[in-house]
Structures are given as C-alpha cells and as structure tokens.
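S.K.: Any chance you can model this:
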Amino acid sequence: MTSDATSTAPSYPLAELCVLADLPPRTVRYYVQIGLVDRPEGETRAARYGSRHLEQLLQIKKWTAAGLALDRIRELLHGAAPPPVPRTRAVGSVEVRSHLLVADGVEVVIEPGRAGLSPQQARRFIQGVMAAYQQITQEAEPAHPPPPTPPSERSK
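M.R.: Numbers count the residues shown, from 1 in each chain. Okay, here's the model as predicted:
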C-alpha cells in the first residue's frame, strides 16, 4: 500500500474551512471567484480545501484588517513587496514630527519614521509640496483682478 503526500495533507469542506478562517462561505467563494484564493479540489459540494487555502484566507483577513484594498492584496499574494509594518505606538514613546507651514491655514505634519521616508526623501517631499502650492496659488490668481463693484450697483 503506497501513501502519497496528498493523503496526509489536511482537507476541509467549505463549511469547516469557514469556521477555521472565521469567514462566511460567501466571502470565501468571492475570494476564489476573483482569484485571491486558489480554486478548491473538486466541484460544488464535493470541493475540498487544504492548508494552503486556509493560509491564504488568514493572510487576506490580516491584510484587510490592516486596511489594504483587495487589489493590493492580490499584488502581495502574487509576490509584490509587502507593505512596511506599522510600528505600534506605545505610551511614553517619542516620535519626531516635522510641521511644514505651507501658508496661513495650510500645514503638513510629517512623521518620516512612520512614513518610511529617508531624510533625503522627506526633503524632496517638502520641496514638492511647496512647489505644488506655489503653482496652484499662481494659477488661481487672475492676471488683472476686476475692479470692485460700487455698493450702489450691487443691488441692481
């Protein structure tokens, strides 16, 4: 009697997989339909899911809880670079923030460490923000402002 690797691998019906992943069957079917999760072995009620399916579902669940879009999750599952791991902010921790005053009423707060920016990238970002603001404000100013309308003419 010979045993192959597939006979020792776990195999779950959809209902059991859903309990293990804590997801509704409809969600699992949707993920299979859009290609986030591999197709099961077999069809309809005879379909069986393995540990690879469970791993995929748990990874998708983790990334969706972190706020990633399904398109980005698809990229990650197909080998794209993972997102930077957000650092947890503990009570008493110190963060360095830069406050960029662009103009009166316009301020940008940058936390380079959390944003994953090197000092050079942060400087380029600041230069880009200032250039964009300058370009927008120059476009918004008319070449010759219209003369003010006298109060007697406004009511007509």
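
S.K.: Report the residue ranges of every domain in this structure.
M.R.: With automatic domain parsing serving as the domain definition, the record reports that the chain contains domains spanning 10-77, 98-140.

S.K.: which of these sits most buried?
M.R.: By mean neighbour count, with neighbours taken as mean count of other Cβ atoms under 10 Å, domain 10-77 ranks first of the domains of the chain at a mean of 15. Backbone N, C-alpha and C define where each C-beta goes, glycine included.

S.K.: and of the domains of the chain, who's closest to Ala90?
M.R.: Counting by Cβ to Cβ, Ala90 lies closest to domain 98-140 out of the domains of the chain; the figure is 13.3 Å.

S.K.: ok now that closest one, how far from the chain's centre?
M.R.: 22 Å (Cα atoms, centre = their mean, to the nearest Å).

S.K.: Same check on stretch 62-79?
M.R.: Computed by Cα atoms, centre = their mean, the separation of stretch 62-79 from the middle of its chain amounts to 7 Å.

S.K.: and the end-to-end length of that stretch?
M.R.: 17 Å (Cα to Cα, to the nearest Å).

S.K.: circling back: pipe the domains of the chain into a markdown table and attach distance to Gly92 and mean pLDDT per row.
M.R.: Converted to a markdown table, these look like this (distance: least, Cβ to Cβ, whole Å; pLDDT from 0 to 100):
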| stretch | distance to Gly92 | mean pLDDT |
| --- | --- | --- |
| domain 10-77 | 24 | 89 |
| domain 98-140 | 16 | 87 |
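
S.K.: Reformat those into CSV and put distance to Ala90 next to each item.
M.R.: Shown next, in CSV, are those (distance: least, Cβ to Cβ, whole Å):
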stretch, distance to Ala90
domain 10-77, 18
domain 98-140, 13
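
S.K.: which residues of this structure fall in strands?
M.R.: Here the chain has its strands, by DSSP state E, at 98-103, 106-110.

S.K.: Leu68 is nearest to which of these?
M.R.: Ranking those by distance to Leu68, with Cβ to Cβ as the measure, places strand 106-110 first at 22.4 Å.

S.K.: follow-up on the earlier one: what would the strands of the chain look like in TSV with distance to Ala9?
M.R.: Converted to TSV, those look like this (distance: least, Cβ to Cβ, whole Å):
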stretch	distance to Ala9
strand 98-103	52
strand 106-110	49
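
S.K.: nearest to Asp71, of these?
M.R.: Of all the strands of the chain, the one in closest proximity to Asp71, counting by Cβ to Cβ, is strand 106-110 (26.7 Å).
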